[in-house]
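Asks: Next comes the sequence, and after it the predicted model I'd like to discuss.
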Amino acid sequence: MSILTRLAGYRPNFCAECGNKIVRLRWFAWTSRSFCDTCARTFARSHWLRPSLLLLALVTCGVLVGRGCRRIPPPLIIERPASGLAQNSIAPTAPRESNTPQPATANEEVYMCGARTKKGTPCSRRVHGPVRCWQHKGTPAMLPQEKLRIKD
């Protein structure tokens, strides 16, 4: 039986295995067209085995082709400033101003925000100086200033 006749809606009247009459009110894509309900159960594994293996082979080929076509990312290069000795040997230049935040110095004091949160506990975000974090600007602290200071 050709594929065109199957697609055209061929519906056999008798089972190809046992010869019993096939009586179905509705035909679906998942119902076996060549076998009755009893024989279809015995051939269910072989009925789904070939399409599932074909699908698995297609997915495997797709993964392999996708991995083969992937470009290799460029190597990661981390630039660090030169050491203090190398900077001293170069002629002094004017200091550059940058928009990036500078790391905290060792003598800068670090505090907790300490404002009341929705949960009712003090906010534990770290801030530089006795101020509030971005979320709690303008709200008072729950704890005294001495308890908000973080000692490193």
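Replies: Yes, it's here. These numbers were taken from a predicted model, which means no experiment stands behind them.
Asks: gap between C39 and R26?
Replies: According to CB to CB, to the nearest Å, C39 stands 19 Å off from R26. (Each C-beta comes from the backbone N, C-alpha and C, glycine too.)
Asks: ah, wrong one, I meant C113
Replies: Counting by CB to CB, the gap from C113 to R26 is 67 Å.
Asks: Of the two, which one has the most company?
Replies: In this view C113 and R26 are compared by other CB atoms under 10 Å, and C113 has more residues nearby, 22 against 5.
Asks: Show me where the protein has its strands.
Replies: Here the chain has its strands, by DSSP state E, at 110-112, 126-128, 149-150.
Asks: right, and T38 touches C18 too?
Replies: Yes - with contact defined as CB atoms under 8 Å, T38 reaches C18; the gap is 7.2 Å.
Asks: residue ranges for the helices of this protein, please.
Replies: Assigned by DSSP state H, the helices in the chain fall at 3-7, 37-42, 44-69, 84-89, 145-148.
Asks: of all those, which lies closest to I77?
Replies: helix 84-89 (18.5 Å; CB to CB).
Asks: low-confidence ranges in the chain?
Replies: Within the chain, the stretches with pLDDT under 70 are 1-9, 27-33, 82-107, 152.
Asks: how does it divide into domains?
Replies: Under the assignment automatic domain parsing, the domains of the chain span 1-50, 109-152.
Asks: Any figure for the gap between Q135 and V23?
Replies: According to CB to CB, Q135 and V23 sit 71 Å apart.
Asks: If you count surrounding residues, which of those two has more?
Replies: For Q135 versus V23, the count of surrounding residues by other CB under 10 Å is larger for Q135: 11 against 8.
Asks: Quick check, the more buried one in contact with V127.
Replies: No - using CB under 8 Å as the test, Q135 is too far from V127 to be in contact (10.9 Å).
Asks: looking at the strands of the chain, which is buried most?
Replies: The highest mean neighbour count among these, using mean count of other CB atoms under 10 Å, belongs to strand 110-112: a mean of 18.
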